[in-house]
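Below are the sequence and a predicted model; questions follow.
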Amino acid sequence: MKQYTYTLLLAAVTVLLASCTTNRLSSETGMKSPKNIILLIGDGMGLTQVSTTYYYKEGESNFSRFKHIGLHQNQPTSHKVTDSASGATAFAAGVKTYNGAIGVDQDTTPVRTILEMLAAKGYHTALIATSSIVHATPASLYAHTASRSSYEEIARQLVYAPVNFFAGGGTKFFVERSEIVNYLDTLQQRGFQVNTAGLSSKRLNPEENHAFLLAPDGMPKMQEGRGDFLPKATDLALKYLAKDEDGFFLMVEGSQIDWGGHANDAQYVIQETLDFDKTLEVALDFAAKDKNTLVIVTADHETGGLSLSASTIYGQGDYSKITPSFSTGNHSAALIPVFAYGPGAEQFMGIYQNNEIFDKMVKVMKLSKR
Ligand code: MG
Ligand code: ZN
């Protein structure tokens, strides 16, 4: 009997010790492991776009809060310069693929994403974008299609994907379809509260899933009065996700930094980047308090070849003034900064390939790859 009690006590102590140590410190490597991941992607946000938060923002840039910084090279398999689909698929699933690929490798074979891997382990997952939610960047985390323009198919896949919360535009892809089916109804049947009017001001029920589809296609620009959608949706999602005991994965995209670059509209780029910076504040404040959340901030590529040039007046450089200028209406091939904060952040230092961001997330979360 005594022996039995002793064994039981030993077992209890072992379990207690294990639960203290698995959380967040692997004894072999000394690597800290987070409970949650927030991946923030500024589409088209190169170093110059990041720099605008130092010249056009009142107050400190939130990028200054990062101590662990790296760079990624983003060349796809098909071209020299990447698009958002192959760029996001590289982060999401760890493969280099062709431009236009959504969650598939260069042979169009579906590849498992970090969101799917974590969802399978019981994590809550969420996606927020200022584009439509079926646009290339968010789609690469939950969909698998040979072409980024298969929006109807991507919307269908989202309905059946292991996503608990999403917010952005794209209502028309769920409603105006070639088949006779309204996927907003299907979402409701699958446990979603579907909201097309606006973000909820109340706390969300953690037992339910939540969809906020707030525009037919992309969300309005900041210049058209989008307001605080991105930081507010991020805050709403974090309050909802924090209820999960297992942990969560949240992807937030500042989608329209890219669109400002394509339009060669410096004010468009700046307003969208400042909105993204404000969203960083929400994510970093959460992580600073929580102490168990890894925040990763990066971009798929740079858009516009933006330069913060000194102004030129009568052929002379005027170094007291910046005139932003663009070198292209398309993407550029520049290396892209990666900023990380929280347990595991040190893994993101150095210069590496875009698909290694997936490898690093897998490593810090101690997942097995396939
Ligand atoms: Mg995008
Ligand atoms: Zn683009």
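Received it, and whenever you're ready, just let me know what you need. Ligands and ions are numbered 1, 2, ... in the order given.

Show me what from the stretch 201-350 of the chain comes close to ligand 1.
Contact residues (C-beta under 5 Å from the ion) of the stretch 201-350 of the chain with ligand 1: Ser255. All C-beta atoms are positioned from the backbone trio N, CA, C, and that covers glycine.

would you list every one of the helices in the stretch 201-350 of the chain?
Taking DSSP state H, counting those that start in this stretch, the helices of the stretch 201-350 of the chain run over residues 229-241, 257-262, 266-290.

Show me which positions of the last one end up buried.
In this case it means helix 266-290. Going by neighbour count (16 or more other C-beta atoms under 10 Å), the buried part of helix 266-290 is 266, 268-284, 286-287.

on that earlier part again, minimum distance to Asp107: which of the helices of the stretch 201-350 of the chain has it?
Among the helices of the stretch 201-350 of the chain, helix 257-262 comes nearest to Asp107, with 27.2 Å by C-beta to C-beta.

what's the residue minimising distance to the centre of the chain in contact with, if anything?
By C-alpha atoms, centre = their mean, the chain has its centre lying nearest to Met251, at 3.1 Å. Neighbouring residues of Met251 by C-beta atoms under 8 Å, 6 or more residues apart in numbering: Ile38, Leu39, Leu40, Ile41, Leu115, Ala126, Leu127, Ile128, Pro138, Leu141.

Tabulate those (JSON lines), appending pLDDT.
Formatted as JSON lines, those follow (pLDDT from 0 to 100):
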{"residue": "Ile38", "pLDDT": "98"}
{"residue": "Leu39", "pLDDT": "98"}
{"residue": "Leu40", "pLDDT": "98"}
{"residue": "Ile41", "pLDDT": "98"}
{"residue": "Leu115", "pLDDT": "98"}
{"residue": "Ala126", "pLDDT": "98"}
{"residue": "Leu127", "pLDDT": "98"}
{"residue": "Ile128", "pLDDT": "99"}
{"residue": "Pro138", "pLDDT": "98"}
{"residue": "Leu141", "pLDDT": "98"}
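
Narrow the residues you listed to those in helices?
Residues of the contacts of Met251 located in helices (DSSP state H): Leu115, Pro138, Leu141.

thinking again about what came up before, gap between the residue nearest to the centre of the chain and Ser150?
20 Å (C-beta to C-beta, to the nearest Å).

And Gly350, by the same measure?
For Gly350, the distance to Ser150 - C-beta to C-beta - is 36 Å.

Out of the two, name the residue with the larger neighbour count.
The neighbour count for Gly350 versus Ser150, taken as other C-beta atoms under 10 Å, is higher for Ser150 (17 against 14).

out of the ones in helices among the contacts of Met251, which are buried?
Leu115, Pro138, Leu141.

correct me, but the first one touches Leu158?
No: checked against C-beta atoms under 8 Å, the pair Leu115 and Leu158 is beyond contact range at 11.3 Å.

now, among the contacts of Met251, which is nearest to Lys369?
The closest of the contacts of Met251, once distances to Lys369 are taken by C-beta to C-beta, is Leu115, at 14.7 Å.

Can you get me a residue count around the closest residue to Pro110 other than its chain neighbours?
The spatial neighbour of Pro110 that comes closest, neighbours along the chain excluded (C-beta to C-beta, 6 or more residues apart in numbering), is His144 at 3.7 Å. Look at His144: counted by other C-beta under 10 Å, it has 24 neighbours.

what does the model give His144 for pLDDT?
On pLDDT, His144 comes in at 98.

Give me the phi and psi for it.
When read as degrees, to the nearest 10, the backbone of His144 gives phi -140, psi 100.

now it: how far from ligand 1?
17 Å (C-beta to the ion, to the nearest Å).

these two touch, right, that residue and Asp105?
No: if you go by C-beta under 8 Å, His144 and Asp105 don't touch, sitting 10.0 Å apart.

Need the residues touching each of these two.
Counting by C-beta under 8 Å, 6+ apart, the common neighbours of His144 and Asp105 are Val111.

Low-confidence regions, this protein specifically.
Applying pLDDT under 70 to the chain picks out residues 1-30, 370.

which residues does whichever residue of the stretch 151-300 of the chain sits closest to ligand 1 contact?
The stretch 151-300 of the chain approaches ligand 1 most closely through Ser255 (4.5 Å), counting by C-beta to the ion. Counting by C-beta under 8 Å, 6+ apart, Ser255 touches Asp43, Ala129, Thr130, Ser131, His135, Thr137, Gly168, Gly218, Met219.

Angles on the backbone of the last one, please.
Phi and psi for Met219, reported as degrees, to the nearest 10, are phi -70, psi 160.

Please consider this matter closed, and thank you.
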